[in-house]
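S.K.: everything below, folded, please.
(chains A and B)
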Amino acid sequence: MLNRTIAPAIIDATDFNLKLKPYELFHLDNTVPVYAINGGAQDVLQIEMVFYAGNFFEKNNGVAAVTNYLLKNGTTTKNAFQLNEAFEYYGASCSRACYNETAVLSLHTLSKYADKLLPVMNDMLTNAVFPQEELDIFVQNYKQRLSVNLLKCEFIAGRKIDQLLYGEQHPYARFTNVADLDALDVETIKSFYKEYYLKGSCAIFIAGKLPQNIEQLLNENFGKLQLTKPTFEVKNIITVPAIEKKYRIENDANAVQGAIRIAQPFPNRHHEDFKKTIVLNTVYGGYFGSRLMSNIREEKGYTYGIYSYLQNHLHESAWVISTEAGKDVCDATIEEIYKEMKGMREEIIDDEELSLVRNYMIGGILGDLDGPFHIIAKWKNIILNNLDEKYFYDSVDAIKNTGAEELQALAQKYLQPERFFELIVY
Amino acid sequence: MIRFEKFTLENGLRVLVHEDNSTPMAVVNVLYDVGAKDENPEKTGFAHLFEHLMFGGSINIPVYDEPLQVAGGENNAYTTNDLTNYYCQLPSENIETAFWLESDRMLSLAFGKKSLEVQRKVVCEEFKEHYINKPYGDVWHKLRTLVYTTHPYKWMTIGASLKHVEDATLADVKAFFKKHYNPSNAILTVAGNVNVAQVKELAEKWFGTIPSGEKYNRNLPVEPKQTAPRTLEVKADVPLDALYKCWHIYPRTDDRYYTADLITDILSGGGSSRLYQSLVKEQQLFSNIECYHMGSTDAGLLVIEGKLVKGIDIKKAEQAINEEIKKIQATGVTITELEKVKNKTESALAFEDMSVMNRASSIAMYELLGDADLMNSELEKYRAVTAENILAETRIIFDENNCSTMYYMSNN
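M.R.: This next block holds a predicted model:
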């Protein structure tokens, strides 16, 4: 008779020998580095061109984002419709995204069409024209989206907490508003394009089933552009955190929930505490079985979900606790968040919980290494943070070997309520 | 081509195995053939609430999550109007842990009072977060009620009202479990770094002794054919007017489903699609416009929705949509357009199959539709759609008597 009360034997996930598949690296004629992971069962390909063209480099709000967006809205030979059709005809998608330091142009396609599509990307990176009419439509529609977002408590809270952490002039906390949109002009965009795309610095990340001649294809299309290899060093900028710590903002008189954000500034991945704090954070609020989730969702039912995390910024980070809770239980939720901090400071994490978290985290990394797209994403993060594979193996080591006393010491250092900004938007 | 093997245990549990030894992970996916459409109209939202309770401990195992996390695993679940799906991924060496956990909660839950009390609150917060505390959050509540008079697709998965969730009792929970959660209503898919012999042995060991239960025979009220246009005008505290138009289409297994799917791509699948180009770019009547279908098992809906540019009269915007529809009904699609949306489908299917998790859930999904092997003929079916099919279907689907329209107007 099967005894269902006894768990089957398991292999401790921490016994697994995790390996990050190395990338292949080659350089285009103009020195642009290409990091490649070849593999996968499907005949698909992903190419990401990372430019140092994020909002760190703009003088006026919104310029970096709109330049990035409008890359696909017209060249000297193709209008926006024709550019879209060029990709869509082959079932491919070319997308743009603008971040703080970087801005990305990426392609997802069946591998067999790479040779048809790379020339179109070359066209965008050589001959973009930024028509006034396209800018006008973008601005009009962006304003409309913004007007909807500004009604959402979580949107307001997300913006506000970053302003408290970094200061309103910091690129991590500078947000585009209606006045910024009205001030955008084509000439500024063109000169941003010239400086940061035509003559910018760029790194390329590719993954999937790579065509035999991928090196040649990339070189033909991007190797002759006036691009240079990035230094991967992060531009320094001064952070000006707010003085006042506690904020309550009323955004919607009919709100039934409040968006809660509790956050403190935190150093970036190069700091010695970072990797170990990731472990501490997991125990505290980083997974479904965390202290915060177990107490505030599973025990009290105040929220659908509560998480804590370290922001993935290059220059500096922040430790954030984030949840949406019933309006009448927001204060009770905050009280419990601090109570759980106290628990982390005052009581040592027992072996059972620590071992569970280690296994969970290692299993998660193992799952994250599944397939070429996941592997290149890991690498991209490491490289853009100006780190190397040692960071990966040290992180694994931190998960396996950071002891309960060390975690408690970190909790005593960081999980102090007075270090945190406290914000509710309802 | 996704290869798999299938066998059925004596208690009726269908088991499908997909081997992929390039990954160190295994996925265990358990799909139950029950969704919001199987709910009592007076107790909606129950299938989804029940999904939450499935994590509240089973008959022999006090908590579900912890042992899985100890084994290096992660899990989640979701409920739709048609089905409830539970999945976990863990290092393949520890796969037996997933069999142990999943089989015990199929055998019986712990039915703890506390779990019900807490999860009722959690689901109410989920309801508020997604459907009340958000601009346009109640759109689908209103649309479903307008479009379906009879079929249980007339309510959302989260439930027709917070009250239904608040009123759920432990007796309801037990009855629901008995009716729907048993081997004859479930499909187990195991994928990743596994082999068929090993899965057979584990499936027999852990699931083989669970009583088969009664097969639930679904007998849902059929939605009568719509015979006249329906309209609804709503006023709300939102910044922009929005327009929604819905037409009834076909069940998932009907061959005409593929034609309808391609029609949505022609109208709005990307920056070179018809509605986007004409209504957002050229005429600038909408700031965004989308055309999609619900992908439901029973006869679903084709939807066009968009937010209007401030100051545009909604009648004028609607007229412009109708012009685009008339155009496609009169002249159909070009060969290039048709090839484009077929290529898009081919690409989307390939990208979807990148992850083992997606492959596992696709296999389960198609098995639920009748045969997992259907997934391997999907592309062929899309490729077989002709320009004539599209022309004919646009004339049938976009009949004004088949249409429901909602004006969702800004109070400002």
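
S.K.: on the three-state scheme, residue A:319 is what?
M.R.: strand (DSSP: H, G, I helix; E, B strand; the rest coil).

S.K.: and what of residue B:288?
M.R.: With three-state DSSP as the basis, residue B:288 sits in strand.

S.K.: and if you look at residue A:210?
M.R.: Assigned with three-state DSSP, residue A:210 falls in the coil class.

S.K.: got the end-to-end distance for stretch A:288-296?
M.R.: End-to-end distance for stretch A:288-296: 11 Å, by CA to CA, to the nearest Å.

S.K.: low-confidence stretches in the chain?
M.R.: Chain wasn't specified; assuming chain A. Applying pLDDT under 70 to chain A flags no residue at all.

S.K.: how is it partitioned into domains?
M.R.: Following automatic domain parsing, one gets these domains for chain A: A:24-222, A:246-425.

S.K.: residue B:31 bridge partners, please.
M.R.: Under DSSP bridges, the beta-bridge partners of residue B:31 are residue B:85, residue B:187.

S.K.: give me the neighbour count for it.
M.R.: By the criterion of other CB atoms under 10 Å in any protein chain shown, residue B:31 has 23 neighbours. No exception for glycine: its C-beta is placed from N, CA and C like everyone else's.

S.K.: okay, strands next: where are they in the stretch 201-350 of chain A?
M.R.: Here the stretch 201-350 of chain A has its strands, by DSSP state E, counting those that start in this stretch, at A:202-208, A:246-249, A:257-266, A:303-310, A:317-326.

S.K.: residues of the stretch 201-350 of chain A that sit close to chain B?
M.R.: A:252, A:254-257, A:287-289, A:297-304, A:324-326 (CB under 8 Å from any CB of the partner chain).

S.K.: hmm, back to that, okay if I get the domains of chain A as CSV plus mean neighbour count?
M.R.: Formatted as CSV, those follow (neighbours: other CB atoms under 10 Å in any protein chain shown):
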stretch, mean neighbour count
domain A:24-222, 19
domain A:246-425, 19
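
S.K.: residue B:321 is nearest to which of those?
M.R.: Nearest to residue B:321 among these is domain A:24-222; the distance by CB to CB comes to 17.4 Å.

S.K.: tell me which stretches of the stretch 301-426 of chain A form helices.
M.R.: A:330-346, A:351-368, A:372-384, A:389-401, A:404-414 (DSSP state H, counting those that start in this stretch).

S.K.: for the second one, the distance to its chain's centre please.
M.R.: For helix A:351-368, the gap between its own C-alpha mean and the chain's C-alpha mean amounts to 22 Å (CA atoms, centre = their mean, to the nearest Å).

S.K.: keeping just the C-alphas, turn it into PDB.
M.R.: Output in PDB follows, covering the C-alpha atoms of helix A:351-368 (Å, rounded to 0.1, in the frame of the first residue of the first chain):
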ATOM      1  CA  ASP A 351      17.600  25.300   8.400                       C
ATOM      2  CA  GLU A 352      14.400  24.000   6.800                       C
ATOM      3  CA  GLU A 353      13.400  27.400   5.400                       C
ATOM      4  CA  LEU A 354      16.900  28.200   4.200                       C
ATOM      5  CA  SER A 355      17.400  24.900   2.500                       C
ATOM      6  CA  LEU A 356      14.000  25.300   0.800                       C
ATOM      7  CA  VAL A 357      14.900  28.700  -0.500                       C
ATOM      8  CA  ARG A 358      18.300  27.500  -1.700                       C
ATOM      9  CA  ASN A 359      16.700  24.600  -3.600                       C
ATOM     10  CA  TYR A 360      14.000  26.800  -5.000                       C
ATOM     11  CA  MET A 361      16.500  29.400  -6.300                       C
ATOM     12  CA  ILE A 362      18.800  26.800  -7.800                       C
ATOM     13  CA  GLY A 363      15.900  25.100  -9.500                       C
ATOM     14  CA  GLY A 364      14.800  28.500 -10.800                       C
ATOM     15  CA  ILE A 365      18.200  29.100 -12.300                       C
ATOM     16  CA  LEU A 366      18.200  25.700 -13.900                       C
ATOM     17  CA  GLY A 367      14.800  26.500 -15.500                       C
ATOM     18  CA  ASP A 368      16.100  29.900 -16.600                       C
END
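
S.K.: please name the nearest non-neighbouring residue to residue A:412.
M.R.: Distances taken as CB to CB, 6 or more residues apart in numbering or on different chains place residue A:345 nearest to residue A:412, at 5.0 Å, with adjacent residues excluded.

S.K.: name the nearest residue to the residue of the stretch 151-300 of chain B found nearest chain A, sequence neighbours excluded.
M.R.: Closest contact between the stretch 151-300 of chain B and chain A, by CB to the nearest CB, is at residue B:271 (3.2 Å). Closest residue in space to residue B:271, ignoring its immediate chain neighbours: residue A:84 at 3.2 Å, by CB to CB, 6+ apart.

S.K.: likewise for residue B:381?
M.R.: residue B:258 (4.9 Å).

S.K.: on that earlier part again, return the distance of the residue nearest to residue A:412 relative to residue A:261.
M.R.: The gap separating residue A:345 from residue A:261 is 21 Å, by CB to CB, to the nearest Å.

S.K.: how about residue A:150?
M.R.: In terms of CB to CB, residue A:150 sits 17 Å off from residue A:261.

S.K.: same thing with residue A:105?
M.R.: 31 Å.

S.K.: again with residue B:141
M.R.: With CB to CB as the criterion, residue B:141 and residue A:261 are 29 Å apart.

S.K.: for residue 338, list the residues it contacts.
M.R.: No chain was given, so I picked chain A. Residue A:338 makes contact with residue A:417, according to CB atoms under 8 Å, 6 or more residues apart in numbering or on different chains.

S.K.: wrong chain, I was asking about chain B
M.R.: By CB under 8 Å, 6+ apart, residue B:338 lies in contact with B:262, B:266, B:385, B:386, B:387, B:390.

S.K.: can you rerun that using 7 Å?
M.R.: Residue B:338 makes contact with residue B:387 under the criterion CB atoms under 7 Å, 6 or more residues apart in numbering or on different chains.

S.K.: repeat for residue B:44
M.R.: B:36, B:155, B:159, B:160, B:164.

S.K.: just the closest of these to residue B:412, please.
M.R.: So of the contacts of residue B:44, ranked by how close each gets to residue B:412 (CB to CB), first place is residue B:160, at 28.4 Å.

S.K.: now do that closest one, the pLDDT please.
M.R.: Looking at residue B:160, its pLDDT stands at 93.

S.K.: how about residue 278: what's its closest non-neighbour residue?
M.R.: With no chain named, the answer covers chain A. Closest residue to residue A:278 apart from its sequence neighbours, by CB to CB, 6+ apart: residue A:310 at 6.6 Å.

S.K.: I was thinking of chain B, sorry if that wasn't clear
M.R.: Closest to residue B:278 by CB to CB, 6+ apart is residue B:324, at 5.9 Å.

S.K.: for residue B:177, same thing?
M.R.: Leaving aside its chain neighbours, residue B:177 sits nearest to residue B:109 (6.0 Å; criterion: CB to CB, 6+ apart).

S.K.: wait, doesn't residue B:292 sit right on residue B:303?
M.R.: Yes. Counting by CB atoms under 7 Å, residue B:303 is a contact partner of residue B:292 at 5.8 Å.
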